[in-house]
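> Next comes the sequence, and after it the predicted model I'd like to discuss.
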Amino acid sequence: RDEELSSSDDLQTLRTELETERVRMRNIAEKVRSNQMKVAFFGRTSNGKSSTINALLRDRVLPSGIGHTTSCFCCVEGTNEEKGFLELPGTTERKSIESVQQFAHAVHNDKLESNAAVTVFWPRERCPLLNNDVIFVDSPGTDISPDLDTCIGEHCTDADVFVLVANAESTLMQTEKNFFHKVAQMSSRPNIFILNNRWDASACEEMELMEEVRQQHLTFNLNFLVNELRVVDRVEAQKRIFFVSAKEALQLRMQARGQSATQPVLASGYRARLQEFERFELTLEECLSSHAIRTKFGEPARAGMHVADQLQDSLETFRQHVEKLRVECEDHCRDARENSIVVRRVGRERVNQWTRRIQEMRQKARHQVANAMSEEIHTLWNTVTDYESTKGFEEHELGDYQQELCSHLSSGMGEHLGMSCASELSTSCVHVQEEMLDELNRLIPATVPPPSRTSISRPYFRISDDVDVMDLCSDFNADLRFRFRFNVGMLFRWLTGGRAGGRQRGFALSSVPDLMRTASVDSGLTAQSGSQADVEAQSEALVQKVELGVQLASATFIQAPWLLMGVGALLWKVVGTKVIFGGAAVYGVLYGYERLCWTTRAKERVYKEQLVEHVTGKLQVMVGFMSNSSSHQVEQHLESFKNHLDDELSKTQKTLDDQQTAYRGRIFQLAQLENNAKRAVNIAGFASTGFRKFLSELDSTAEMGSMHSVSSPTEHNGVATLAENGLPEES
């Protein structure tokens with residue numbers, strides 16, 4: 001919303017309107033401020049503008065003649081001196097009145113530019129109109145000056161009366177009409193007179209035809225003043241249209257003053273045309289004197305009042321718009337402040353929840369990896385039995401066989417751990433990240449851009465890479481010597497609870513520790529003495545003593561034959577010879593059978609059993625390490641994502657704080673702008689009141705023909721402010 005005010009179409013329109021009205025007010029102020037009445041003469045080239053002014057001055061002062069004569073603007077003012085003089089633009093040096101032909105004549109080499117203005121001072125006693133502080137402005141032809149708007153702005157916008165000098169031998173041209181349309185736009189309802197000059201050319205025509213031509217010109221002139229320019233009504237317009245011959249009027253007046261030695265040749269009806277010119281002169285004098293109040297001050301004041309009312313309405317609309325923006329900014333600032341509080345409070349709670357969730361995910365990952373490893377250990381024997389070597393099992397090539405078997409185990413374990421465990425962990429991490437990001441997005445307000453979902457990443461767990469079966473079996477040594485399952489040691493282990501034969505070559509007394517532990521625990525609970533740790537320690541010690549006794553007994557029977565013979569003699573005395581020889585025969589048959597079954601396939605099976613037992617022991621040791629490593633990797637990945645979300649929370653907090661600062665600054669600017677707009681509305685209202693008061697005084701004193709009892713509209717402070725400076729610049 002920062003650029004809404006400056007880019008608003010309404011504001012751009014208001015700016016243009018203010019600038020236009022400011023120019024109009026300045027023009028009105030200049031016109032009102034002037035103590036002189038200015039009469040500007042316009043028309044096409046050679047229509048007789050200079051001749052008309054010369055007739056009013058009663059002498060050939062300004063250059064006149066056929067073709068393009070006047071090259072620049074000529075301003076004629078009154079002076080109390082006996083002789084007239086000339087001043088060039090930008091200087092106060094006086095030059096002779098005859099030099100005007102040098103500087104203002106279009107065919108002279110020293111002529112001035114068309115937008116320059118020569119000031120001619122003429123004795124007031126020789127021109128009655130100049131006694132009333134009237135200035136005549138002669139202009140180049142409207143069809144000559146290429147920069148017409150500039151000329152109007154520099155010399156004519158403050159004119160009180162405009163005289164259109166037309167050629168009676170033709171109708172009004174579109175060039176003349178366009179010029180006065182621009183005059184009407186730049187001045188407030190200008191006073192316009194139309195002189196149909198060179199009317200003496202109609203003297204050779206019949207009276208009836210002359211009246212028809214006169215009526216035709218009158219109709220065109222009335223339509224131009226009333227319908228096109230809309231500056232006067234029809235009745236008043238008829239009083240401002242004249243049919244004259246400026247050349248004849250000048251000749252007759254110069255002859256009356258004795259300035260012409262020869263008798264001028266005049267066409268018939270010249271006296272009527274002279275009377276028409278005198279009527280124009282009288283009407284112009286009345287307009288400049290008896291109607292001076294309404295002409296000079298009335299219309300500008302009404303125009304100023306209209307401008308002030310328009311500005312007041314526009315500025316009030318603008319002020320309401322600014323007030324609406326300020327209220328909206330205050331609402332946005334309040335929302336940003338409340339959102340900042342919520343983000344700060346709830347954000348910390350979310351971070352703590354994410355921390356607990358990460359710890360839960362870590363424990364889940366540890367158990368998941370441990371369970372996967374346990375399943376791999378339980379299925380290890382099945383994996384080994386599925387393996388069939390392409391080269392067969394040879395004792396002298398155990399290295400190659402072991403390498404192939406380890407590769408088979410690695411591929412099987414890697415496939416299961418990679419597809420099940422690692423993939424599930426990655427999916428779980430992604431799911432947790434999505435939940436955390438969704439919770440953050442629900443917390444972030446709509447005024448702040450949400451974090452991108454591209455920040456979610458899928459971790460890669462290489463659990464199977466940590467299980468190198470080849471490395472685990474680097475210290476494995478197989479024992480493929482033949483061992484009879486029913487030898488004395490084996491029988492003794494079987495009798496004492498061990499497992500004879502099978503895949504276990506050592507003493508498998510797994511049941512003994514359980515029984516001893518149970519007995520120890522029961523004894524400890526009954527005696528109410530010792531801790532659980534002491535009971536377990538005593539159980540382990542007892543198991544070790546039993547296993548040691550079994551080993552000693554087995555070694556004694558094997559290494560002391562005489563002892564075995566003694567036992568045999570004792571049995572012979574007790575059970576008899578037949579039983580002994582029968583048992584020996586069965587024992588020998590069993591021994592022979594096992595010896596015959598001790599083939600390469602049996603050796604391969606024993607080899608696999610020993611390898612599985614070895615790998616199982618190593619994997620059981622690695623379960624804790626691998627589960628902790630994977631859980632730590634999960635924790636690191638989620639912690640990194642949590643830190644990223646924490647940074648996003650900090651950025652959101654900073655963005656909301658920056659928004660509050662920006663809104664406060666914007667509110668301050670809008671408040672200042674609103675106050676300036678209020679001041680401008682008050683100034684415009686005060687100006688409008690001043691104009692109305694002035695017009696009321698003007699109406700009451702207009703009939704007196706005096707301005708002494710009426711204060712100038714620029715004396716009112718609001719009007720003066722609008723006239724001098726327009727509206728305050730900051731508004």
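Alright, I've got the coordinates. Numbers count the residues shown, from 1 in each chain.
> just the strands in the stretch 101-250 of the chain please.
117-123, 134-138, 161-167, 191-197, 241-243 (DSSP state E, counting those that start in this stretch).
> need the ones you listed in TSV with mean neighbour count and mean pLDDT, can you?
The way it works is simple: take the backbone N, C-alpha and C, and place the C-beta from them, glycine included. Converted to TSV, those look like this (neighbours: other Cβ atoms under 10 Å; pLDDT from 0 to 100):
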stretch	mean neighbour count	mean pLDDT
strand 117-123	20	91
strand 134-138	25	91
strand 161-167	24	91
strand 191-197	25	92
strand 241-243	23	95
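> Looking at those strands, spot the one closest to residue 48.
strand 191-197 (4.0 Å; Cβ to Cβ).
> Okay, angle between that closest one and strand 161-167 too, please.
Per axes from the mean of the first three to the mean of the last three Cα atoms, to 10 degrees, the angle that strand 191-197 makes with strand 161-167 is 20 degrees.
> quick one: strands adjacent to strand 191-197?
strand 161-167 (parallel), strand 241-243 (parallel) (DSSP bridges).
> so which of those strands gets nearest residue 404?
strand 161-167 (117.9 Å).
> so residue 60 sits in a strand?
No. Going by DSSP: H, G, I helix; E, B strand; the rest coil, the assignment for residue 60 is coil, not a strand.
> Can you check the pLDDT for the closest residue to it other than its chain neighbours?
Leaving aside its chain neighbours, residue 60 sits nearest to residue 54 (5.5 Å; criterion: Cβ to Cβ, 6 or more residues apart in numbering). Model confidence at residue 54, given as pLDDT, is 92.
> pLDDT below threshold where in the stretch 451-600 of the chain?
460-468, 485-565, 567-568, 571-573, 575-576 (pLDDT under 70).
> before we move on, the earlier item: doesn't the residue nearest to residue 60 lie inside a helix?
Yes. Assessed by three-state DSSP, residue 54 belongs to a helix.
> For this protein, which element, helix or strand, carries the lowest mean pLDDT?
Among the helices and strands of the chain, helix 511-527 carries the lowest confidence by mean pLDDT, DSSP states H and E, at a mean of 35.
> about what we covered before: CSV for the strands paired with strand 191-197, including distance to residue 469?
Output for those, formatted as CSV (distance: least, Cβ to Cβ, whole Å):
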stretch, distance to residue 469
strand 161-167, 113
strand 241-243, 122
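> Nearest to residue 283, out of those strands?
With Cβ to Cβ as the yardstick, what comes closest out of the strands paired with strand 191-197 is strand 241-243 (7.9 Å).
> Quick one: distance of the closest one to the chain centre.
65 Å (Cα atoms, centre = their mean, to the nearest Å).
> Then stretch 225-245?
With Cα atoms, centre = their mean, you get 58 Å for stretch 225-245.
> end-to-end on that stretch?
22 Å (Cα to Cα, to the nearest Å).
> And it, what's buried?
225-226, 229, 231-232, 237, 240-245 (16 or more other Cβ atoms under 10 Å).
> how many neighbours does the residue nearest to residue 60 have?
Neighbour count for residue 54, taken as other Cβ atoms under 10 Å: 25.
> ok, it touching residue 69?
No. With contact defined as Cβ atoms under 8 Å, residue 54 does not count as touching residue 69 (11.4 Å).
> Give the helix, strand or coil label for residue 475.
Assignment for residue 475 (three-state DSSP): coil.
> For it, grab phi and psi.
Here is the backbone geometry of residue 475 (degrees, to the nearest 10): phi -110, psi 20.
> list the contacts for it?
If a contact means Cβ atoms under 8 Å, 6 or more residues apart in numbering, then residue 475 has no contacts.
> got it, and residue 53?
Counting by Cβ under 8 Å, 6+ apart, residue 53 has contacts 41, 61-62, 74, 76, 136, 138.
> Export stretch 39-54 to PDB, keeping only CA atoms.
Output of stretch 39-54 as PDB, limited to C-alpha atoms (Å, rounded to 0.1, in the frame of the first residue of the first chain):
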ATOM      1  CA  VAL A  39      -7.100  46.500 -24.100                       C
ATOM      2  CA  ALA A  40      -5.600  44.000 -26.500                       C
ATOM      3  CA  PHE A  41      -6.200  44.200 -30.300                       C
ATOM      4  CA  PHE A  42      -6.100  40.900 -32.300                       C
ATOM      5  CA  GLY A  43      -6.800  39.900 -35.800                       C
ATOM      6  CA  ARG A  44      -5.400  38.600 -39.000                       C
ATOM      7  CA  THR A  45      -2.600  40.400 -40.900                       C
ATOM      8  CA  SER A  46      -3.600  43.700 -42.600                       C
ATOM      9  CA  ASN A  47      -7.000  43.800 -40.900                       C
ATOM     10  CA  GLY A  48      -6.300  47.300 -39.500                       C
ATOM     11  CA  LYS A  49      -5.300  46.700 -35.900                       C
ATOM     12  CA  SER A  50      -2.600  49.300 -35.900                       C
ATOM     13  CA  SER A  51      -4.800  51.700 -37.800                       C
ATOM     14  CA  THR A  52      -7.500  51.300 -35.200                       C
ATOM     15  CA  ILE A  53      -5.100  52.200 -32.400                       C
ATOM     16  CA  ASN A  54      -3.800  55.100 -34.400                       C
END
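> pull the CA atoms of stretch 189-207 into PDB?
Extracted in PDB, the C-alpha atoms of stretch 189-207 (Å, rounded to 0.1, in the frame of the first residue of the first chain):
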ATOM      1  CA  ARG A 189     -15.200  35.300 -19.500                       C
ATOM      2  CA  PRO A 190     -13.200  37.900 -21.400                       C
ATOM      3  CA  ASN A 191     -14.800  41.100 -22.700                       C
ATOM      4  CA  ILE A 192     -14.600  40.900 -26.400                       C
ATOM      5  CA  PHE A 193     -15.500  43.600 -29.000                       C
ATOM      6  CA  ILE A 194     -15.700  42.900 -32.800                       C
ATOM      7  CA  LEU A 195     -14.800  45.600 -35.200                       C
ATOM      8  CA  ASN A 196     -15.700  44.900 -38.800                       C
ATOM      9  CA  ASN A 197     -13.000  47.200 -40.300                       C
ATOM     10  CA  ARG A 198     -12.800  48.500 -43.900                       C
ATOM     11  CA  TRP A 199     -16.600  49.000 -44.000                       C
ATOM     12  CA  ASP A 200     -15.900  51.900 -46.400                       C
ATOM     13  CA  ALA A 201     -15.500  49.200 -49.100                       C
ATOM     14  CA  SER A 202     -19.300  48.800 -49.000                       C
ATOM     15  CA  ALA A 203     -19.900  52.400 -50.100                       C
ATOM     16  CA  CYS A 204     -19.800  51.400 -53.800                       C
ATOM     17  CA  GLU A 205     -22.500  48.800 -53.200                       C
ATOM     18  CA  GLU A 206     -26.300  49.300 -53.400                       C
ATOM     19  CA  MET A 207     -27.900  50.200 -50.100                       C
END
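> So which of the buried residues of stretch 225-245 belong to helices?
Using DSSP state H, the subset of those located in helices is residue 237.
> Relative to residue 303, which of the buried residues of stretch 225-245 is nearest.
Using Cβ to Cβ, residue 231 is the member of those that lies nearest residue 303, at 12.3 Å.
> What is the burial count for the closest residue to the closest one other than its chain neighbours?
Beyond its immediate neighbours in the sequence, the residue positioned closest to residue 231 (Cβ to Cβ, 6+ apart) is residue 189, lying 5.2 Å away. For residue 189, the neighbour count with other Cβ under 10 Å is 16.
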